[in-house]
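Q: Got a sequence here, can you build the structure:
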Amino acid sequence: MEIVLWMLGVLVLAVGIAISIGLHELGHFYPARKFGVFVGSFMIGFGPTLWSRKFGETEFGFKAIPLGGYVSLSGMYPTTANSDKPGFRMFRNLVQDARDASAETITDESRAFYRLPVLQRIIVMLGGPFMNLVIATVLFLFLFTGIGVVGATTTIGSISECVLPVTSTRTTCTSGDPKAPAAAAGLKPGDRIVSIGGEPVTTWESGTSIIRESAGREIAVVVDRSGQEISLAVTPMATVRYALDSAGNLVLDSGGEPETATVGFIGIGPAVERQQQSPVVALDAMGNNIVQVGALILDLPNRMIQVWNAAFGAETRDPNGPVSVVGVGRIAGDIAAAEQLQVVDRFAALVGILASLNIALFVFNLIPLLPLDGGHIAVALWQGIRNFVAKLRGKPAPGPVDSARLVPFTIVITIVLMAMSALLIYADIVKPITLGL
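A: Now for the predicted structure:
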């Protein structure tokens, strides 16, 4: 049964990725057709064709390697350009081959992509990443407002019998350990905190903040116990705990280690449950995910070195580092087969993975390097700048940007991306990221 669930998790993720890729390409296909560009093919995957059928003038199909997709737009490069400019002589044949291949896709010069106005070219290339953002938005809203997310409630879930040092590895108390203030005051699991020190408690974090600021000072803790409000006097003990920021997250020092601070402590832990959130919370979480992915991409060279050291050395994989589609599929399988998780928790985790993958596709494709969508957008923007400068100078608009001259650079970037993908796939096989389930 476990292997069946594992395979089901992988299958669900694979279908989700295929749909995401298809919608990404639809984001390019639809505006391109609306603007009159001839689209020869619409493919999901790369390599040998598994299945295809022609509808109208476009061939739709699936290919053997499910690592992406593409739409073939007619005339990506201008058909006439001066390829003898200094600095490109050694790449002349390569550049001209790209122009020739592009020219072969043109059946009607007026329907070539390079002839579109700048704004329309940007819309076509931005359409793919935009679709990934739309998919991610829908999934985040569904996850947060529909399924809900697991979070701390204002109900006490656990009571510590004693106060242990924050760095202690012990989980049991000894006779020499001081009794925890909460246990001494008579607080019990299941009590719902109403107020602390006269301040209403609406979130666990707000109650924790009051306790941490009240070291050595007696405060009244009002709880709802089986429908009856009870007031108990508690004196938080001044003890060394990990420092938290205003959002309740650990504060790290310059070396990445958690900082400590002397704060009030009574020894209670929250009960957790799945709670539906507002759309604002969902969109805020999505925004944070975008920022995290952007930071990971900016640090990608260092992250790939870490992956290399883990794959070919003794280092462990960073659970927050980059993974390949193989690694993501393995994680999805592990989650689906985790019997200790409820079905709703497994489903929510798979939705979260798909949402995060679409955020990654959105951000990554906006990198202003060819062959990524962001590279084509950058070329169009450069064309727009040239047109604007010419207009200011009272001169006619210059011809289309000869983006074919960037083909050698594009090939280098493609090789780098393929090498990174190969390294990640290898690392995800020999040194996979584990969830500890």
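
Q: buried ones in the helix ranked longest in the chain?
A: Longest helix in the chain by number of residues (criterion: DSSP state H): helix 2-34. Across helix 2-34, burial judged by 16 or more other Cβ atoms under 10 Å covers 5-6, 8-10, 12-13, 16-17, 20-29, 31-33. Heads up, the C-betas are built off the backbone N, CA and C, glycines and all.

Q: quick one: average confidence on it?
A: Averaging pLDDT along helix 2-34 yields 92.

Q: next helix or strand past it?
A: Counting by DSSP states H and E, the element after helix 2-34 in chain order, helix or strand, is strand 39-55.

Q: Dihedrals phi and psi, residue 313?
A: In terms of degrees, to the nearest 10, the main-chain angles of residue 313 are phi -140, psi -160.

Q: hmm, back to that, which helices and strands does the longest helix of the chain pack with?
A: Applying 3 or more Cβ pairs under 8 Å, 6 or more residues apart in numbering; DSSP states H and E, one finds that helix 2-34 contacts strand 39-55, strand 58-73, helix 118-141, helix 325-336, helix 343-365.

Q: Identify each buried residue in the first one, please.
A: Okay, so that is strand 39-55. 39, 41-45.

Q: Now do it, average pLDDT.
A: The average of the pLDDT scores along strand 39-55 is 91.

Q: quick one, that strand and helix 2-34 angle?
A: 120 degrees (axes from the mean of the first three to the mean of the last three Cα atoms, to 10 degrees).

Q: For strand 39-55, C-alpha coordinates in CSV please.
A: Output of strand 39-55 as CSV, limited to C-alpha atoms (Å, rounded to 0.1, in the frame of the first residue of the first chain):
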residue,chain,number,x,y,z
VAL,A,39,2.7,29.3,-34.3
GLY,A,40,4.0,26.1,-35.9
SER,A,41,4.0,23.8,-32.8
PHE,A,42,2.9,23.7,-29.2
MET,A,43,4.8,21.0,-27.3
ILE,A,44,5.0,19.8,-23.7
GLY,A,45,8.4,18.2,-23.1
PHE,A,46,11.6,17.9,-25.2
GLY,A,47,13.2,15.2,-27.3
PRO,A,48,11.4,12.6,-29.4
THR,A,49,7.7,13.1,-30.0
LEU,A,50,5.4,10.7,-28.2
TRP,A,51,2.2,12.0,-29.7
SER,A,52,1.1,14.9,-31.7
ARG,A,53,-1.9,16.1,-33.8
LYS,A,54,-2.4,19.1,-35.9
PHE,A,55,-5.3,21.5,-35.1
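
Q: sorry, back to before: with distance to residue 179 as extra columns, can I get the helices and strands packed on helix 2-34 in JSON lines?
A: Converted to JSON lines, the helices and strands packed on helix 2-34 look like this (distance: least, Cβ to Cβ, whole Å):
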{"stretch": "strand 39-55", "distance to residue 179": "63"}
{"stretch": "strand 58-73", "distance to residue 179": "58"}
{"stretch": "helix 118-141", "distance to residue 179": "44"}
{"stretch": "helix 325-336", "distance to residue 179": "40"}
{"stretch": "helix 343-365", "distance to residue 179": "35"}
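
Q: right, so of the ones you listed, which gets closest to residue 184?
A: Closest to residue 184 of the helices and strands packed on helix 2-34 is helix 343-365 (Cβ to Cβ; 35.2 Å).

Q: next helix or strand past that closest one?
A: In N-to-C order, the element after helix 343-365 by DSSP H and E is helix 373-392.

Q: in that following helix, what's buried?
A: Going by neighbour count (16+ other Cβ under 10 Å), the buried part of helix 373-392 is 373-380, 383-384, 386.
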